[in-house]
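Engineer: here are the coordinates; sequence isn't available:
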């Protein structure tokens, strides 16, 4: 006789309103299909989220066992349509906040394994009133592939900067964020072969000196309230547009990046390292009915 399916624990969290379903699976026992992830992330029929964070020990996940000596925990990130993604900057902060909440990490430094490699995280101590501190993530170095990129929405087109933060981005500077349209569908990016696995597209305006704002269409998720890797890509693209390169000047540079869901501070250092600082919040936890998850509509 088969045992009855067991309830599945989950939490819900967000980083500047880029929201995630968090599924603790320390021993790597769950086999969540793309369809399962899409159902869980459905905003009307499921829990709702821009993506899903599965929390797995590196030693228990075949994609992360080689990283087990550097990090205990692997962030198995999926987009809301169930597709696999290399990285999610806001997701790393929320992932770290979960580990802190669960007693699996403390304020201070932490290593998190992702498909884009190890990400170093610093959790600030809570404030005097107990308010959780911001989280800073070493996002690695930006790659700036050569080649001309064009982004098109409707009948309007803009040149874009190709930036890779462990995942691909096309950054377009526009006069008004409304120029991006409704972003229900992915903007057209050409040449198509520049991004064979799809691309995240950021539309950017200036707010002041070293202060920009963006809207983003994330591949596999649509328009989201925030994108951490996108904010990093935008900061690097803006700095180069402004003639600033820390590798040349020898001094770090910081930009404030406003997203629809809040504000991030992005710094690039002379060695090329990009750091992202921002909030991460856990808002709820509960139990998923295993019969619902196992039964297709």
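Structural biologist: The structure has been received and is ready for your questions. Small disclaimer: the values here were computed from a predicted structure and weren't measured.

Engineer: going forward, measure contacts and count neighbours with C-alpha atoms only.
Structural biologist: OK.

Engineer: now do the contacts for the most centrally placed residue in the chain.
Structural biologist: The centroid of the chain falls nearest to residue 88 when counting by CA atoms, centre = their mean (2.3 Å). Residues in contact with residue 88 (CA atoms under 8 Å, 6 or more residues apart in numbering) are 77, 227, 228, 229.

Engineer: correct me, but the first one touches residue 85?
Structural biologist: Going back to what we said before, that points to residue 77. Yes. With contact defined as CA atoms under 8 Å, residue 77 counts as touching residue 85 (6.0 Å).

Engineer: so those two - more neighbours on which side?
Structural biologist: Of the pair residue 77 and residue 85, residue 77 is the one with more neighbours under other CA atoms under 10 Å, namely 25 against 19.

Engineer: can you list contacts of whichever strand or helix holds that one?
Structural biologist: According to DSSP states H and E, residue 77 maps onto strand 73-79. Residues from elsewhere that reach strand 73-79 (CA under 8 Å, 6+ apart): 37, 50-58, 61, 64, 84-88, 91-92, 95, 111-115, 219-221.

Engineer: at 6 Å what do you get?
Structural biologist: Identification of contacts with strand 73-79 by CA atoms under 6 Å, 6 or more residues apart in numbering yields 51-58, 84-85, 112-114, 220-221.

Engineer: reformat the contacts of residue 88 into JSON lines and put secondary structure next to each item.
Structural biologist: JSON lines is the format used below for the contacts of residue 88 (DSSP: H, G, I helix; E, B strand; the rest coil):
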{"residue": "77", "secondary structure": "strand"}
{"residue": "227", "secondary structure": "coil"}
{"residue": "228", "secondary structure": "helix"}
{"residue": "229", "secondary structure": "helix"}
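
Engineer: show me which of those residues is closest to residue 247.
Structural biologist: For the contacts of residue 88, the residue nearest residue 247 by CA to CA is residue 229; the value is 20.2 Å.

Engineer: that closest one: how many residues sit nearby?
Structural biologist: With neighbours defined by other CA under 10 Å, the count for residue 229 comes to 26.
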